[in-house]
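next one to model:
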Amino acid sequence: MAIALTPTLRRPESARLPAKWVAATLALALSPALAFLYLQERRCALRYLLMNGLVLSLGGLFAFVGYEQFTLGVVLFCNFALVGVPGAAHVNTYSLESRKYGKRPLCATLPFVLSLPIVIAMSLYALTIWLNVKHMENTAMVPTLPQGAPYILDKVSFHWRAPRRGDIIEFTSRSALGDVTRISRIIGLPGDRIAVRSGLPVLNGTALRREAQGGIDLKDGISIVPAASFVEILPESTVYSVIKSEAAGTGPFDHRPDVAVLPESYFVLGDNRDVARDSRDQIQVGLVRQADILGNVIPLRLTEEEEARAARSLDWLLGLVGLSKGNSNPA
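All right, here's what the predicted structure looks like:
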């Protein structure tokens, strides 16, 4: 008599499954993408690979546009905190055995879901920054910002930190002549005392350090005006270049009496000292109130060719989402 044997389904032995501790170590030490490749889950690996790329790219972008807080170590830590840790937690709630039998824990994708909004918010912030690219309209900030030079107007950073000495700001100048948008560099903070003697700023009784740098030719309409170039150094060791086309002591604002900087106000100067209208001009500008600051100015060091290529790339990207014709070749 033949006896029919019915095969019995057995759950796979845990020894045959990839070790989750190895996957969690890969997620923390390298990338969750490698951990999920090890677990043979390509879809999750692709998700975390994209998040790794986004976080590292955004950190690099913020460092490029002038956020000195985004050092390499900070960017790597952000990648570890926003991607590595959630990825390791995801690995610990993931089970190939449960997946094979149709059981997916509700908390399996929770770490990914929690970190994703932060990455999306960073992406939107970066897009906001790049959509605020403007061009210098005058020569008040030469040589830092020549006329026509591109810059980013960061409207967000001053919401979480106070303006610092050396920051370049865009502000509204409110005077009897009307409201005018200007760009200058912060020299005096609330509580400081500022004077100008023979063209040299004097901060709290001490003249700023200045070193001659040679000459520079300024274009004034169709003529060329020679100017002297200097390196000016703030107490915080911030270094920048300034120029003067007039001899020391003969410029229109080379002598200003000592003035106290009021609370929530700033004393600003343009880098082109004989052209800029800034806090030395007490009629048209004076002290800049914090409420009149429009944002932090971040110069972009782009050549004309690089600027045109960036504009084409942005137009192409906007075309992908229907915000532009997108006909420009990004290459």
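
which SS state does E236 fall under?
coil (DSSP: H, G, I helix; E, B strand; the rest coil).

tally of neighbours for it?
Using other CB atoms under 10 Å, E236 is surrounded by 9 other residues. Any C-beta I mention is one placed from the backbone N, CA and C, and that applies to glycine too.

list the contacts of the closest residue in space to it that isn't next to it in sequence.
If the residues on either side of it in the chain are set aside, E236 comes closest to R165, at 5.9 Å by CB to CB, 6 or more residues apart in numbering. With contacts defined as CB atoms under 8 Å, 6 or more residues apart in numbering, R165 is in contact with I186, I187, G188, L189, L234, P235, E236, T238.

the third one: what's it in contact with?
It refers to G188. G188 makes contact with R165, I194, L203, V261, Y266, F267, V268, S279 under the criterion CB under 8 Å, 6+ apart.

bridged to it, which residues?
G188 forms beta bridges with F267, as assigned by DSSP bridges.

and it, how close does it get to D278?
When CB to CB, to the nearest Å is applied, the distance between G188 and D278 equals 11 Å.

any residues in contact with both of these two?
V268.

follow-up on the earlier one: quick one: the residue nearest to E236 is in a helix?
No. Residue state for R165 (three-state DSSP) corresponds to coil; a helix is not indicated.

let the chain start at 20 from now.
Renumbered: residue one is now 20, and that last one reads R184.

which SS class is A54?
Taking three-state DSSP, the label given to A54 is helix.

hmm, it is touching P105, no?
No. With the criterion set as CB atoms under 8 Å, A54 and P105 do not qualify as a contacting pair; they are 11.5 Å apart.

who's more crowded, those two?
More crowded of A54 and P105, by other CB under 10 Å: A54, with 29 against 23.

please tell me how far that one sits from G78.
Computed with CB to CB, the distance linking A54 and G78 is 21 Å.

now V278. Nearest residue, chain neighbours left out?
By the measure of CB to CB, 6+ apart, the closest residue to V278 outside its immediate chain neighbours is I213, 5.7 Å from it.

what sits against the one you found?
Residues counted as contacts of I213 (CB under 8 Å, 6+ apart) are I206, G207, P220, V221, L222, R275, D277, V278, V280, F286, S298.

drop anything exposed from those residues.
Under a neighbour-count criterion of 16 or more other CB atoms under 10 Å, the subset of those counted as buried comprises I206, G207, P220, V221, L222, R275, V278, V280, F286, S298.

is the third one located within a helix, as I assumed?
No. With three-state DSSP as the criterion, P220 is located in strand rather than a helix.

so P209 makes contact with F286?
No. Counting by CB under 8 Å, P209 stays clear of F286, with 9.5 Å between them.

confirm the residue nearest to V278 sits in a strand?
Yes. I213: assigned to a strand according to three-state DSSP.

could you chop this protein up by domain?
Per the record, the chain has its domains at 35-149, 155-319, 326-350, by automatic domain parsing.

what is the end-to-end distance of the second one?
Using CA to CA, to the nearest Å, the end-to-end distance of domain 155-319 comes to 11 Å.

quick one: mean pLDDT for that domain?
Averaged across domain 155-319, pLDDT comes to 89.

re earlier: of the contacts of I213, closest to N315?
Within the contacts of I213, proximity to N315 (CB to CB) peaks at I206, which comes in at 15.5 Å.

that closest one against R292, yeah?
No. Using CB under 8 Å, I206 makes no contact with R292, being 11.3 Å away.
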